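1. Return atomic coordinates for the entry below.
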Amino acid sequence: MCTYITDQWLRHWFLGGAADVDYKNDRQVLHSNPQDYINDIRRVWNNVADGCKPNAKMVIRFGGISSRPDDPLDLIKKSFHGTRWRLSTIKNAGTALEGKRQADAFLRSRSKSVAEYDLWVSLA
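-> This next block holds a predicted model:
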């Protein structure tokens with residue numbers, strides 16, 4: 001991901017940015033559909049692997065958003081297919097409700113958060 005400007009456009013606007021959201025940044029991770037997202041995350045893992053020493057280890061916290069019906073655990077597992085990373089451990093990390101969800105500060109009723117997972121992977 002290059003920047004968070006598309007997700008944080010209002011804050012960016014307050015700082016002098018454009019009033020319209022520019023979704024055309026080709027350097028962003030695509031999330032228009034599950035397969036595009038998986039493919040782009042896979043490219044991220046491959047880029048990270050290129051900068052790592054042999055046998056590197058990485059721990060990732062990954063979750064989803066309630067407005068997308070896709071299973072976040074399925075998406076992240078598929079993103080490692082075709083990479084040099086090997087998944088060794090998955091632990092349920094609870095939900096974002098256990099933290100302070102920024103989005104809920106602006107809603108009349110709390111949104112439903114999706115489970116998050118911690119994943120341990122090793123470079124093969």
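
2. pLDDT below threshold where in the protein?
-> 1-6, 23-27, 66-67, 97-111 (pLDDT under 70).

3. Kindly report the domain assignment for it.
-> 1-30, 33-123 (automatic domain parsing).

4. Save those domains as JSON lines, and put in mean neighbour count too.
-> Any C-beta I mention is one placed from the backbone N, CA and C, and that applies to glycine too. Below are the domains of the chain laid out as JSON lines (neighbours: other Cβ atoms under 10 Å):
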{"stretch": "domain 1-30", "mean neighbour count": "11"}
{"stretch": "domain 33-123", "mean neighbour count": "14"}
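
5. D118 pairs with what?
-> Per DSSP bridges, the residues bridged to D118 are R61, K91.

6. before we move on, could you check phi and psi at the residue nearest to D70 when sequence neighbours are not counted?
-> Closest residue to D70 apart from its sequence neighbours, by Cβ to Cβ, 6 or more residues apart in numbering: P34 at 5.1 Å. Taking degrees, to the nearest 10, you get phi -60, psi -40 for the backbone angles of P34.

7. try the one 5 residues further on
-> The phi and psi values for N39, taken as degrees, to the nearest 10, are phi -60, psi -40.

8. what sits against the residue nearest to it when sequence neighbours are not counted?
-> Closest residue to N39 apart from its sequence neighbours, by Cβ to Cβ, 6+ apart: L30 at 7.7 Å. Applying Cβ atoms under 8 Å, 6 or more residues apart in numbering to L30 gives the contacts 36-37, 39-40.

9. doesn't Y37 make contact with V44?
-> No: contact criterion Cβ atoms under 8 Å: V44 and Y37 do not qualify, at 10.7 Å.

10. about what we covered before: would you check how far apart the residue nearest to D70 and D22 are?
-> 23 Å (Cβ to Cβ, to the nearest Å).

11. same question, K77
-> As judged by Cβ to Cβ, K77 and D22 stand 32 Å apart.
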